[in-house]
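A.B. asks: whatever this is, show me its structure:
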Amino acid sequence: MSDTPENQPSEHEKSSSASLDTANEQELDEREPAEGGAIALPSNVVGSGALDRLVESARDYAVASTAENTNKAYAADWKHFVRWCRMKGTEPMPPSPEMIGLYLTDLAAPTNGSPALSVSTIDRRLSGLAWNYAQRGFALDRKDRHIATVLAGIKRKHARPPAQKEAILPEDILAMVATLPYDLRGLRDRAILLLGYAGGLRRSEIVSLDVSKDDTPDSGGWVEIIDDGAVLTLNAKTGWREVEIGRGSSDKTCPVHALEQWQHFAKIDFGPVFVRASRDGKRALEARLSDKHVARLIKTTVLKSGIRSELPEKDRLALFSGHSLRAGLASSAEVDERYVQKQLGHSSAEMTRRYQRRRDRFRVNLTKAAGL
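C.D. replies: The predicted structure follows:
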């Protein structure tokens, strides 16, 4: 069955890595090695069926060493850099710190009228180049003065505080959920919003959930529902972790009850928890939802619920994203900070504080404590 409109990406969700000269960047470069080509047998070893299968498995593991979205971004970074080199009359390999320094300069202050990239995007582009060179057997020294000094200058001149998405607060999530119908799609989307909010989950963590362990090869975790709530076992960015989601004060706002309702009426007992629905909305399909569905769902329900209605629609859409769920939990949960840190899977309290939009910043007054 063809994709339904609910699974079509919006203009707001297209990657910035592919926004520059997209059509040209998509051209195939016959001189580039295939992905995973760096994994191969030594030249003095004769291939065999068993060894070839091990090579293929090693390539699969190499690809799995970074997240799928990261792999896509790094691939786009490399294509952009290769095209830039060709336009400047040079070759991308072997790595030249001098040329990479000029490339970073052109990203920060383009000479062709293109918009300048943010410092964080430029830094990510450099990471993408280092990763791609490593896959091709080259080492890129990011500390080389031609790279390090240029990047330091870009950061000093252009760096800005990171733009943070607005947190979805308790009254907001209730208003958003209230806009959803009680058909199959509404039950699913209600479970997505409440589970994502209560768990402080990334959108990729939400849609990668399976009903049970090892249901599908692309599983990112599974759910166990018990009397007191739900235990999510997630293969997250920082490794495996458990997220406990307790039952709410009423069925209307309880994330666990919402999940149970969706699984019951959609007859979800194996495979992905959150899947597409048929065009008539009467049955669940087998295909796992994309994480982009979560972002679209948040923006759609924000508009319908009237949150920040004093702003133009374009500005309201720009304020909220998938991260708004995580920021909402971090900003609203009135418990010891360490519990929020554990729920979000952060390695440091400082990272958790970045998600807290309305914390009491002066609860500890060191000025008075110092006698002033």
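A.B. asks: please, which helix or strand holds S250?
C.D. replies: For S250, there is no enclosing helix or strand under DSSP states H and E.
A.B. asks: whoops, I mixed them up, S114
C.D. replies: Going by DSSP H and E, S114 is not in any helix or strand.
A.B. asks: and it, how far from C85?
C.D. replies: Applying Cβ to Cβ, to the nearest Å, one obtains 16 Å for the distance of S114 from C85. (Each C-beta comes from the backbone N, C-alpha and C, glycine too.)
A.B. asks: neighbour count winner among the two?
C.D. replies: Set S114 next to C85 and count neighbours by other Cβ atoms under 10 Å: C85 wins out with 17 against 12.
A.B. asks: got the contact list for the nearest residue to that one once chain neighbours are set aside?
C.D. replies: Nearest residue to C85, sequence neighbours excluded (Cβ to Cβ, 6 or more residues apart in numbering): P92, at 4.6 Å. By Cβ atoms under 8 Å, 6 or more residues apart in numbering, the residues touching P92 are F81, V82, C85.
A.B. asks: what number of residues lie near the first one?
C.D. replies: Same thing as F81. 21.
A.B. asks: before we move on, which element is it in?
C.D. replies: Per DSSP H and E, F81 falls inside helix 68-87.
A.B. asks: in that helix, what's buried?
C.D. replies: The neighbour-count check on helix 68-87 (16 or more other Cβ atoms under 10 Å) flags 71, 73-85 as buried.
A.B. asks: do stretch 275-283 as well
C.D. replies: Result for stretch 275-283 [16+ other Cβ under 10 Å]: buried residues V275, R276, A277.
A.B. asks: give the contact list for the first one.
C.D. replies: Spelled out, that is V275. A266, I268, A284, L285, E286, A287, R288, L289.
A.B. asks: secondary structure of the residue nearest to C85: a helix, I assume?
C.D. replies: No - counting by DSSP: H, G, I helix; E, B strand; the rest coil, P92 is not part of a helix but coil.
A.B. asks: next one: it, what pLDDT does it get?
C.D. replies: We have a pLDDT of 94 for P92.
A.B. asks: also H12?
C.D. replies: On the pLDDT scale, H12 gets 40.
A.B. asks: one more: the one 5 residues further on?
C.D. replies: What the model reports for S17 is a pLDDT of 40.
A.B. asks: then R296?
C.D. replies: 94.
A.B. asks: what do you get for R363?
C.D. replies: With respect to pLDDT, R363 scores 60.
A.B. asks: buried set for stretch 174-187?
C.D. replies: With burial defined by 16+ other Cβ under 10 Å, the residues of stretch 174-187 counted as buried are A175, M176, V177, T179, L180, L184, R185, G186, L187.
A.B. asks: find the residue at the geometric middle of this structure.
C.D. replies: The centre of the chain sits closest to S204, judged by Cα atoms, centre = their mean, with a distance of 6.1 Å.
A.B. asks: and stretch 252-271, C-alpha only, in PDB?
C.D. replies: Extracted in PDB, the C-alpha atoms of stretch 252-271 (Å, rounded to 0.1, in the frame of the first residue of the first chain):
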ATOM      1  CA  LYS A 252      -7.600  10.200  30.600                       C
ATOM      2  CA  THR A 253      -4.000  11.400  31.100                       C
ATOM      3  CA  CYS A 254      -2.200   8.100  32.000                       C
ATOM      4  CA  PRO A 255       0.500   7.200  29.400                       C
ATOM      5  CA  VAL A 256       0.400   3.500  30.300                       C
ATOM      6  CA  HIS A 257      -3.400   3.400  29.900                       C
ATOM      7  CA  ALA A 258      -3.100   5.200  26.600                       C
ATOM      8  CA  LEU A 259      -0.500   2.600  25.400                       C
ATOM      9  CA  GLU A 260      -2.700  -0.300  26.500                       C
ATOM     10  CA  GLN A 261      -5.700   1.200  24.700                       C
ATOM     11  CA  TRP A 262      -3.700   1.600  21.500                       C
ATOM     12  CA  GLN A 263      -2.300  -1.900  21.600                       C
ATOM     13  CA  HIS A 264      -5.600  -3.500  22.400                       C
ATOM     14  CA  PHE A 265      -7.700  -1.800  19.700                       C
ATOM     15  CA  ALA A 266      -5.000  -2.000  17.100                       C
ATOM     16  CA  LYS A 267      -4.200  -5.600  18.000                       C
ATOM     17  CA  ILE A 268      -0.500  -4.900  18.500                       C
ATOM     18  CA  ASP A 269       1.000  -8.000  20.000                       C
ATOM     19  CA  PHE A 270       4.200  -8.400  18.100                       C
ATOM     20  CA  GLY A 271       6.700  -6.200  16.300                       C
END
